[in-house]
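Chemist: Take this sequence and fold it.
(4 chains)
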2 protein chains.
Amino acid sequence: MVEDEIHLAQAIAEGLSAEGFDVELSHDGLDGLWRARERTYGAIVLDILLPGMNGYKVCRTLRQEGVWTPILMLTAKSGTYDEAEALDTGADDFLSKPFAFVVLVARLRALLRRGATPRPRELMAGDLALDPVGRTCRRGPVPIDLTRREHALLEALLRHAGEGATKVELLREVWGEDFTGDDNVVEVYVGYLRRKIDVPFGRRSLQTVRGIGGYRLVADG
Amino acid sequence: MVEDEIHLAQAIAEGLSAEGFDVELSHDGLDGLWRARERTYGAIVLDILLPGMNGYKVCRTLRQEGVWTPILMLTAKSGTYDEAEALDTGADDFLSKPFAFVVLVARLRALLRRGATPRPRELMAGDLALDPVGRTCRRGPVPIDLTRREHALLEALLRHAGEGATKVELLREVWGEDFTGDDNVVEVYVGYLRRKIDVPFGRRSLQTVRGIGGYRLVADG
DNA sequence: ACACGCGCTGAGAGACCGCTGAGACGGCCC
DNA sequence: GGGCCGTCTCAGCGGTCTCTCAGCGCGTGT
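Modeler: Numbering: from 1, shown residues only, chains lettered A, B, ... in the order given. Predicted structure coming up:
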């Protein structure tokens, strides 16, 4: 657990110990990065605002180095796009401060169960490639410019490539749990994406799954 | 540690020893330079105002001789442009006097962890070349005049060439951790840089990464 | 044929972001 | 002192991004 508010960190550490977790504390981003490289942990709880090196950077760096230990990011409530950014850097889950302790425990259990799932540096579907870390996207050799939301949505779709994902799932993953608006926004952004990754190439890779309100990204089409 | 105020030096040395560091003291610039050449230290804490030879000179000389031991500069609060100048000479980090002891420890730990990272004599991106030590810059054969800050910023951007860097990262690396102002200053200096390295040549090498508040230096464009 | 549910899209409001000109301030040289 | 340079702040602008909304079209069930 990398968290610089000493009291909070200690309190949580004690709570987690009581739940049977084996907790190691770090209060500095660089120190946390160092330890994450050195040892294999079950999961990492990572604050964003840290001395030394901020959480985003730590996470991104680890991912770039091929360390896929599950990471749970602690985002500040105030930051509007913290969640999207957190997932963007390669975090597995995030939690907005302040949070209930039981929620933290539940999420951690989920992450531990899932284990380290090495994700490739680049997500692909056919000739469509997206680099979650470098924030770039290409269809074959042609670079595609995406906004932050478009990028996050495409990443989520690529993660579910094949199976497909419903609007509600996408909303949860891209917009965050506490998004209150309508899920029409997903339709809108799917539209934007199609106009960037499909229309110019005469493709149909981002397909609608009628009836259940879902989308699927396929390699060809 | 090269520091001529004996009492301060001794106090810090004791504190660092208590923290587990192995400290060696020097009170003279030339002596410090000499020792830095002779032995390989984990890091060097270097005051600027020194008898014998000032800190800037020591630092620059070491770098020119290919000694890349991490250097933490101690700059006087009064000197307005000390920070820029310090990074200019090839220092890895700097700290304004007076400083909190714990801060010094944290920074030192960070530097030790990073280790000596030899920097090339000349950083390049396409036909844009910059000499970090000599403070010169060229686009192809055309020399470009840069101020200290512009130079430091361009150096940071070149170090992150390809991936790109966020304003916050750049602020940290160029202006230092304890810079309290707005990160708009980065935008301003990016503007200055563009007007010197891009506009006159009809290029677009210094690109904005929208959304995340970052910049990327590309070879062509 | 008709109504309905579902998904798609254009228009537009508002927020956000990045860029720039103006200017304050201090150091430096003449 | 006066002018010049480098640094930084600030406010305003223009463009972009995000999201909402309403209307349209299409397929399906009655």
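
Chemist: what about the residue in chain A that DNA strand D sits nearest to, is that helix, strand or coil?
Modeler: The minimum distance from chain A to DNA strand D, using C-beta to the nearest atom of the strand, falls at A:Gly181 (2.3 Å). Just so you know, the C-beta spots here come from the backbone N, C-alpha and C atoms, and that holds for glycine as well. When classified by DSSP: H, G, I helix; E, B strand; the rest coil, A:Gly181 comes out as coil.

Chemist: how many other residues sit next to the closest residue to it other than its chain neighbours?
Modeler: Nearest residue to A:Gly181 in three dimensions, chain neighbours excluded: A:Trp175, at 7.8 Å (C-beta to C-beta, 6 or more residues apart in numbering or on different chains). Residues near A:Trp175, counting by other C-beta atoms under 10 Å in any protein chain shown, number 22.

Chemist: hmm, back to that, quick check on the residue of chain A closest to DNA strand D: phi, psi?
Modeler: phi -70, psi -170 (degrees, to the nearest 10).

Chemist: Roughly how far does it sit from A:Lys167?
Modeler: Between A:Gly181 and A:Lys167 the computed distance is 12 Å (C-beta to C-beta, to the nearest Å).

Chemist: Looking at these two, which has the bigger crowd around it?
Modeler: Counted by other C-beta under 10 Å, A:Gly181 and A:Lys167 do not tie: A:Lys167 has more neighbours, with 19 against 8.

Chemist: Okay, that one and B:Val58: tell me how far apart.
Modeler: 62 Å.

Chemist: which parts of stretch A:8-22 are buried?
Modeler: By neighbour count on 16 or more other C-beta atoms under 10 Å in any protein chain shown, the buried set for stretch A:8-22 is A:9, A:12-13, A:16, A:21.

Chemist: Need these in JSON lines (columns: secondary structure, pLDDT and distance to B:Ile48).
Modeler: What follows is the buried residues of stretch A:8-22, written out as JSON lines (DSSP: H, G, I helix; E, B strand; the rest coil; pLDDT from 0 to 100; distance: C-beta to C-beta, whole Å):
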{"residue": "A:Ala9", "secondary structure": "helix", "pLDDT": "90", "distance to B:Ile48": "36"}
{"residue": "A:Ile12", "secondary structure": "helix", "pLDDT": "90", "distance to B:Ile48": "42"}
{"residue": "A:Ala13", "secondary structure": "helix", "pLDDT": "89", "distance to B:Ile48": "41"}
{"residue": "A:Leu16", "secondary structure": "helix", "pLDDT": "88", "distance to B:Ile48": "46"}
{"residue": "A:Phe21", "secondary structure": "coil", "pLDDT": "84", "distance to B:Ile48": "48"}
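
Chemist: Just the closest of the residues you listed to B:Val209, please.
Modeler: Nearest to B:Val209, judged by C-beta to C-beta, of these is A:Ala9 at 32.6 Å.
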